[in-house]
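**Q** could you look at this predicted model? Sequence included:
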Amino acid sequence: MKRPARGERSRGPRHQGKTEEMFHGVRACEALFARRPQDIVRVYVAEGRRRQFAKLTAWCAEHRKGFQIVADENLQRLTGSLHHEGVAILAKQLRRWSLADLLQGIEAGSVTGPLVYLDGVQNPHNLGSILRTAAHFGAGAIVGKAGELPPLSAAAVRVAEGAAEFVPVCDLADPVTDLRRLAQAGYAVVVTSSHRGEPIFSASLPPKAVLVLGSEGEGVSRAIDAAANLRVSIPGTGAVESLNVSVACAVVLAEVWRRGASRS
């Protein structure tokens, strides 16, 4: 590791705690600093990113947070990734929401837009891509069964390009019962399918919806499908069996956004 320049705190690399994550990537780190600076533990910046993150390192110096200017190979070792993009922040893990958090946000008006339910989707990179799409099209939250939703790992957060700081991920302990609770809050359950359902572009989509996306291998589970108020499909040539789940999410959310924009 390079010797710290004058004015930098020079303690060695800090041991990562069990409730901490080494986040990396330019957009992910910018959003973390903007949204929850109080959670920052230590910062690592490559020489080539020093000017871009001057405000962050100045904040670290002011608030007595450790930071270092390091070589790219050390960032690769610290993050375990070739895609660190020249910056890493050791910080508290992103907090997962419960159903109570979600319902409180809905009631308070801080959670708006459709909810995205991921059923059996376990790839962290897909979660990152879906978070990015959800933020772009104004989805209120990503929800799914506790223990099945992927973790908000550093890789997922980097792929999300900052969106993980804006769109909460909510674990449901009992999905079928919890979907009924959301129905009481005015949400309809809209299940997407590759093979059946009304075409998404002509279906009568409800203004408040939980949009259900299944895994590419198994699709939507029977228990969740049975809770559907509406089933929709994404029409195409049929040359391939289905779309990647993150791509399907983008198509569905874009159509929901388009209709909302046309009504406003």
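**A** That came through fine.
**Q** report the buried residues of stretch 88-105.
**A** 88-91, 93-94, 97, 99, 101-103, 105 (16 or more other Cβ atoms under 10 Å). Glycine gets a C-beta too; all of them are placed from N, C-alpha and C.
**Q** of those residues, which belong to strands?
**A** Among the buried residues of stretch 88-105, the members falling in strands (DSSP state E) are 88-91.
**Q** among those residues, which one lies nearest to A209?
**A** Distance to A209, by Cβ to Cβ, is smallest for A91 among those, at 33.0 Å.
**Q** so that closest one touches V41, yeah?
**A** Yes: in this structure, A91 is within contact of V41 by Cβ atoms under 8 Å, at 5.8 Å.
**Q** now tell me which helix or strand of this structure has the poorest mean pLDDT.
**A** When the helices and strands of the chain are scored by mean pLDDT, DSSP states H and E, helix 245-263 comes last with a mean of 90.
**Q** and it, how far out from the chain middle?
**A** 17 Å (Cα atoms, centre = their mean, to the nearest Å).
**Q** report all helices and strands that it contacts.
**A** Counting contacts by 3 or more Cβ pairs under 8 Å, 6 or more residues apart in numbering; DSSP states H and E, helix 245-263 packs against strand 115-119, helix 124-136, strand 209-214.
**Q** nearest to Q76, of the ones you listed?
**A** Among the helices and strands packed on helix 245-263, the nearest to Q76 by Cβ to Cβ is helix 124-136 (18.6 Å).
**Q** mean confidence score for that closest one?
**A** The predicted model gives helix 124-136 an average pLDDT of 97.
**Q** so which residues of the stretch 1-150 of the chain form helices?
**A** According to DSSP state H, counting those that start in this stretch, the stretch 1-150 of the chain carries its helices in the segments 26-35, 54-62, 72-79, 99-108, 124-136.
**Q** now for the shortest one, which elements pack on it?
**A** On a contact count with 3+ Cβ pairs under 8 Å, 6+ apart, helix 72-79 meets strand 20-24, strand 40-46, strand 87-92.
**Q** tell me which of these lies nearest to G113.
**A** strand 20-24 (25.0 Å).
**Q** much appreciated, bye for now.
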